[in-house]
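K.L.:
kindly return the folded structure for what I paste below:
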Amino acid sequence: MRLIQADPEQRELASLWLFSPPDDKPLSDLDRRLLATLPEEFRTTGPFPDRSYEQAEYLLDPADYRKVNSWPERERSLPYRIIQGDRRFADHEDLEAPWRCSTTSFLAEAAATIDALDVAAVRQEFSVVEMRNLGVYKVHEIEPDDEVFDRVLDRLRLLAHYYHQLVALDLDLIIATV
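P.N.:
Numbers count the residues shown, from 1 in each chain. Modelled structure (predicted):
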């Protein structure tokens with residue numbers, strides 16, 4: 001992560017790989033190790049294939065989500081940082097999409113936060129209707145609260161598992177927020 005941040009040429013190569021992975025080239029040992037950590041479900045769609053990342057932020061702390069009044073406030077919130085990356089990666093003007101990143105230590109904190117989630121308490125606060133009223137992306141009020149909650153919680157747990165794997169390998173994470 002630090003190499004890509006410091007070197008514009010490495011950033012360009014990483015950006016090209018992100019948007020057009022080298023399918024016809026043999027993978028390096030590092031690439032194979034990285035792909036081995038990636039859950040099969042994340043390989044084509046990322047952790048939230050239905051684009052329910054805002055619902056995941058809400059699930060992590062519904063009371064906190066209600067209090068957020070601005071984009072900068074949301075970007076600083078722990079649930080946003082867990083889902084979208086701890087901080088901005090670099091000067092994004094030379095990239096096709098903004099990137100965010102999380103260090104190994106933040107990934108450990110994020111995974112621990114998901115693992116320690118008081119599921120019963122959060123489930124009581126969780127409401128599809130409220131998410132719709134708050135403008136949470138991709139919410140369909142006809143879906144029952146329990147079904148949405150269970151689906152998003154499963155994805156969060158899978159994300160925590162992935163973060164644990166990255167921490168075990170002492171790897172940072174770069175997230176393209178496309």
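K.L.:
what's the longest helix belonging to the chain packed up against?
P.N.:
Of all the elements of type helix in the chain, the one with the most residues (DSSP state H) is helix 145-168. Helices and strands touching helix 145-168, by 3 or more C-beta pairs under 8 Å, 6 or more residues apart in numbering; DSSP states H and E, are helix 29-37, helix 53-60, helix 104-115, helix 119-125. In short, each C-beta sits where N, CA and C put it, glycine included.
K.L.:
average model confidence for it?
P.N.:
Across helix 145-168, the average pLDDT comes to 94.
K.L.:
same question for stretch 59-73.
P.N.:
Averaging the model's pLDDT scores along stretch 59-73 yields 92.
K.L.:
ends of it, how far apart?
P.N.:
One end of stretch 59-73 sits 17 Å from the other (C-alpha to C-alpha, to the nearest Å).
K.L.:
contacts made by it with the rest, please.
P.N.:
Identification of contacts with stretch 59-73 by C-beta atoms under 8 Å, 6 or more residues apart in numbering yields 57-58, 74, 77-79, 82-83, 113-114, 117, 122, 125-127, 130, 134, 136, 149, 152-153, 156.
K.L.:
and for the residue lying closest to L166 once chain neighbours are set aside, the neighbour number?
P.N.:
Residue nearest to L166 in three dimensions, not counting chain neighbours: L107, with 5.4 Å by C-beta to C-beta, 6 or more residues apart in numbering. Burial of L107 is recorded as 23 neighbouring residues (other C-beta atoms under 10 Å).
K.L.:
and L107, what does it touch?
P.N.:
Contacts of L107 (C-beta under 8 Å, 6+ apart): 163, 166-167, 172-173.
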